[in-house]
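In: Provided below for reference: sequence and predicted model.
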Amino acid sequence: MIDLHSLYQDIILDHYRAKHHSGLREPFSVEVSHVNPSCGDELQLRLDRDGDVVGDVSYLAEGCSISQASTSVMSDLVIGGTVEHALGLYDGFLEMLEGQGAVELDEDVYGDAIAFNGVAQFPARVKCAMLGWAALRDAILRTGGEK
Amino acid sequence: MTLFDDALLGARRADFPILNAGIEPVGGKRTALVYLDSANTSQKPEAVLKAVDEHYRYHNANVARAMHTLGAQATAAFEGARDKVAAFVGGVSQEIVFTKNASEALNLAAYTLSSRLSPGDEVVISVAEHHSNLVPWQMACQRTGATLRWFDVTDEGRLDLAKARADHLINEHTKVVSITALSNVTGALTPIREIADWAHRFGAVVIADGSQYVPHNPTSVADMGVDMLAFTGHKMLGPTGIGVLWGKYDLLDSLPPFLGGGEMIEVVRMAASTYARPPHRFEAGTPPIAQAVGLGAAVDYLNAVEERVPSRERGQKPKTLQGMSAVAAHDATLTEYALDKLLSVPDLHLIGPKVPVDRGSVFAFTLADVHPHDAMQVLDSLGIAVRGGHHCARPLHERFGVQSSIRVSTYLYTTTAEIDALVDGLMEVRRFFKVAP
């Protein structure tokens, strides 16, 4: 039996209660809006891009604990790193979520995001966990992708 | 205290295989299913499953165009279902158009009626509409240059008629009024007759979205006073894939086709074609045949439902109701019970009427600051199926200043024990997310 606590790990609930990098900030290179139309979660995300470096990520979001915590953790992981690194993290995170438990994230690379390993057992929540990441990827692609 | 005749309700529940199969929820232990999402889709009784199965097994053929014996059987079954559905809402068979769902029925209405719209005309809906009775009219107005206007709701969640009258919402420019007969969020019943009479004074076409109303109430299109009524099979014990648009014959006959193809034509020439009369004009291609047969069986089932209600007078024997009056009586009893129980849950904020008057058995609410999607997940782990989200009514949620809600909805198989299980589940949601007592 999959326990509900494997979905709602303390790290997730902590990020949900105190979201990191929340609130829209200046300067920014691009702003994107993403929604999850089935449940209504909404996200406005700003990316400030400095060449191939993610200078800043800020956002205004309303949604469930999974989508909010995932966006918060994502911002911690990508700010200050390269765009290429961020896109790599996106690919690995998505692969884990779609793996139905077969793929686990490496804590050294993903930090707090390993708490989302449990989400892979709840297919209906994969879209929640991806909301922030999908917005980030969109923002990167709109500002020239990996270039 | 037993509010329902346990033998009758028990026998009815036994008709629904899924209600007795148990469930192994994601994130929880194997348990009994508490299904409280019937406004989303209803469960299906054995009689409906059997009708669909037997159609495919013994009577399957295409309708109208297959001239062999099986074709005649399939056609008779399909048209027989049309007769049953017509009688169910008090219409005649030629006025029943089968579609794939209520959304398609409303799109059909919006598309064909937009042939009458031009700049300066007004289409009136309400802020409480399901997206399927909102987006098609937005699209019609964008295509034609007509203006979309809408009823607001009161803070109690009822249609604000006083404000609408003061604003002359319906006036000489109004060409179409399309309103839900019962909100899928607040549960509020619309005074549809009053609105229809008002709109008809200006010659407007009046459409009711009966998706939530028809499965739960005795329906008479004449009493409602509307020109068109849309509803869907899967919310009234029938299969998915079949919806209904009832329309007054003369109105239907005056409208252009919607989708083109086989069966909706009279004569096809390369230069131009002529079209069939209603309802076939609006049924291009092979229709949902087995689904219509299943819907016919659902109508039969609903017409045979029995409910015993206590007599209001002392010493008198309980009264037995049959058909949709019985379904409505079951709803009414459960609504009173559920409102009382739900409103006792701390930090629960109901969106919609708090009194069991002129409202159906659908209850949308928020619980403290727990996101509805998270509340739904905990309830689901306990085998309790509810809906979390905006229930395809985003503008209505915006009107109440919330992004989404938890929605509980019942049907003729719902018990008071299931409402009790829900309330226990909501207390567990509070504990799980550490809502301060």
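Out: Received it, and whenever you're ready, just let me know what you need. Numbers count the residues shown, from 1 in each chain, chains lettered A, B, ... in the order given.
In: Chain A: helices as residue ranges?
Out: Secondary structure of chain A (DSSP state H): helices at A:10-17, A:65-78, A:83-97, A:107-110, A:126-142.
In: and of those, who's closest to B:Lys235?
Out: Nearest to B:Lys235, of all the helices of chain A, is helix A:126-142, at 25.1 Å by Cβ to Cβ. (Each C-beta comes from the backbone N, C-alpha and C, glycine too.)
In: Near B:Phe377, how many other residues are there?
Out: Small correction: residue B:377 is Gln, not Phe. The number of residues packed near B:Gln377 is 27, by other Cβ atoms under 10 Å in any protein chain shown.
In: Secondary structure element holding it?
Out: helix B:372-381 (DSSP states H and E).
In: Pipe the helices of chain A into a markdown table and attach distance to chain B per row.
Out: Formatted as a markdown table, those follow (distance: least, Cβ to the nearest Cβ, whole Å):
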| stretch | distance to chain B |
| --- | --- |
| helix A:10-17 | 8 |
| helix A:65-78 | 5 |
| helix A:83-97 | 15 |
| helix A:107-110 | 22 |
| helix A:126-142 | 7 |
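In: taking these together, which one is wrapped up most tightly?
Out: The highest mean neighbour count among these, using mean count of other Cβ atoms under 10 Å in any protein chain shown, belongs to helix A:65-78: a mean of 25.
In: Give me the below-cutoff pLDDT ranges for the chain.
Out: Just going to use chain A. A:1 (pLDDT under 70).
In: Actually, chain B is the one I wanted.
Out: Across chain B, residues meeting the criterion (pLDDT under 70) sit at B:1-2.
In: tell me which parts of it are close to chain A?
Out: Residues of chain B found near chain A (Cβ under 8 Å from any Cβ of the partner chain) are B:26-29, B:371-374, B:377-378, B:381, B:388-390, B:394, B:397, B:403-404, B:432-433.
In: and these, which are buried?
Out: B:26-28, B:371-374, B:377-378, B:381, B:388-390, B:394, B:397, B:403-404, B:432-433 (16 or more other Cβ atoms under 10 Å in any protein chain shown).
In: Nearest spatial neighbour of whichever residue of the stretch 301-437 of chain B sits closest to chain A, chain-adjacent residues omitted?
Out: At 3.7 Å from chain A, B:His373 is the closest residue in the stretch 301-437 of chain B, using Cβ to the nearest Cβ. Leaving aside its sequence neighbours, B:His373 sits nearest to A:Cys64 (Cβ to Cβ, 6 or more residues apart in numbering or on different chains; 3.7 Å).
In: A:Met96 too?
Out: The nearest residue in space to A:Met96 (Cβ to Cβ, 6+ apart) is A:Val103, at 4.5 Å.
In: Let me see the contact set for the one you found.
Out: A:95-96, A:120 (Cβ atoms under 8 Å, 6 or more residues apart in numbering or on different chains).
In: you'd agree the residue of the stretch 301-437 of chain B closest to chain A is up against B:Gly389?
Out: Yes: between B:His373 and B:Gly389 there is a contact under Cβ atoms under 8 Å: 7.0 Å.
In: Can you work out which residues contact both of the two?
Out: Contacts common to B:His373 and B:Gly389, judged by Cβ under 8 Å, 6+ apart, are A:39, B:404.
In: Geometric centre of chain B: which residue is closest?
Out: The centroid of chain B falls nearest to B:Ser211 when counting by Cα atoms, centre = their mean (2.0 Å).
In: so A:Ser33 makes contact with A:Asp41?
Out: No: counting by Cβ under 8 Å, A:Asp41 is not a contact partner of A:Ser33; they are 11.6 Å apart.
In: Show me what counts as buried in the helix or strand containing B:Glu79.
Out: Here B:Glu79 sits within helix B:69-89, counting by DSSP H and E. For helix B:69-89, a neighbour-count test (16+ other Cβ under 10 Å) marks B:71, B:73-75, B:77-79, B:81-82, B:84-86, B:88-89 as buried.
In: how far out from the middle of the chain is the following helix or strand past that helix?
Out: Downstream of helix B:69-89, the next assigned helix or strand under DSSP H and E is strand B:96-99. Relative to its chain's centre, strand B:96-99 lies at 15 Å (Cα atoms, centre = their mean, to the nearest Å).
In: helices or strands next to strand B:96-99 in the packing?
Out: Here strand B:96-99 touches helix B:69-89, helix B:102-113, strand B:243-247, going by 3 or more Cβ pairs under 8 Å, 6 or more residues apart in numbering or on different chains; DSSP states H and E.
In: Touching that strand from outside, list them.
Out: B:82, B:85-86, B:105, B:108, B:242-247, B:252, B:278-279, B:282-283, B:287-288, B:292.
In: Strand partners (parallel or antiparallel) of it?
Out: Using DSSP bridges, the strands paired with strand B:96-99 are strand B:243-247 (antiparallel).
In: Name the residues of whichever helix or strand comes after the partner strand that are buried.
Out: Remark: after strand B:243-247, the chain's next helix or strand is helix B:249-253, criterion DSSP H and E. Judged by neighbour count using 16+ other Cβ under 10 Å, the buried positions of helix B:249-253 are B:251-252.
In: number of nearby residues for the nearest residue to A:Asp41 once chain neighbours are set aside?
Out: Residue nearest to A:Asp41 in three dimensions, not counting chain neighbours: A:Gly63, with 3.2 Å by Cβ to Cβ, 6+ apart. A:Gly63 has 26 neighbouring residues, counting by other Cβ under 10 Å.
In: what's near enough to touch A:Gly63?
Out: Contacts of A:Gly63 by Cβ under 8 Å, 6+ apart are A:36, A:39-43, A:128, A:131, B:371, B:373, B:403.
In: Just want the phi and psi numbers for it.
Out: The phi/psi pair for A:Gly63 (degrees, to the nearest 10) reads phi 170, psi -170.
In: Next, work out how far apart it and B:Gly389 are.
Out: Distance of A:Gly63 to B:Gly389, computed by Cβ to Cβ, to the nearest Å: 11 Å.
In: do the same with B:Phe258
Out: Taking Cβ to Cβ, one finds B:Phe258 at 30 Å from B:Gly389.
In: correct me, but B:His130 touches B:Ala181?
Out: No: applying Cβ under 8 Å, one finds B:His130 not in contact with B:Ala181, separated by 11.4 Å.
In: what residues are shared contacts of those two?
Out: B:Asp209.
In: Looking at the two, which is more packed in?
Out: Using other Cβ under 10 Å as the criterion, B:His130 and B:Ala181 rank with B:Ala181 on top: 25 against 21.
In: For that one, which non-adjacent residue is spatially closest?
Out: In space, B:Ala181 is closest to B:Tyr213, 3.7 Å off (Cβ to Cβ, 6+ apart).
In: how many neighbours does the one you found have?
Out: Around B:Tyr213 there are 22 residues (other Cβ under 10 Å).
In: go on, the one 10 residues further on?
Out: The burial metric for B:Asp223, expressed as a neighbour count using other Cβ under 10 Å, is 11.
In: Does it touch B:Arg193 like I think?
Out: Yes: taking Cβ under 8 Å as the definition, B:Asp223 is a contact partner of B:Arg193 at 6.9 Å.
In: First-to-last residue distance for stretch A:139-147?
Out: By Cα to Cα, to the nearest Å, the extent of stretch A:139-147 from end to end equals 13 Å.
In: what's the offset of it from the middle of its chain?
Out: Centre to centre, stretch against its chain (Cα atoms, centre = their mean), the figure for stretch A:139-147 is 17 Å.
In: again, but for stretch B:326-334
Out: Per Cα atoms, centre = their mean, the displacement of stretch B:326-334 from the mean C-alpha position of its chain is 16 Å.
In: Then stretch B:35-44?
Out: 11 Å.
In: What's the end-to-end length of it?
Out: Stretch B:35-44: ends 12 Å apart by Cα to Cα.
In: Please apply the same query to stretch B:171-184.
Out: 27 Å.
In: which ones are touching B:Ser273?
Out: B:265-267 are the contacts of B:Ser273 under Cβ under 8 Å, 6+ apart.
In: now it, which residues is it bridged with?
Out: With DSSP bridges as the rule, B:Ser273 is bridged to B:Val268.
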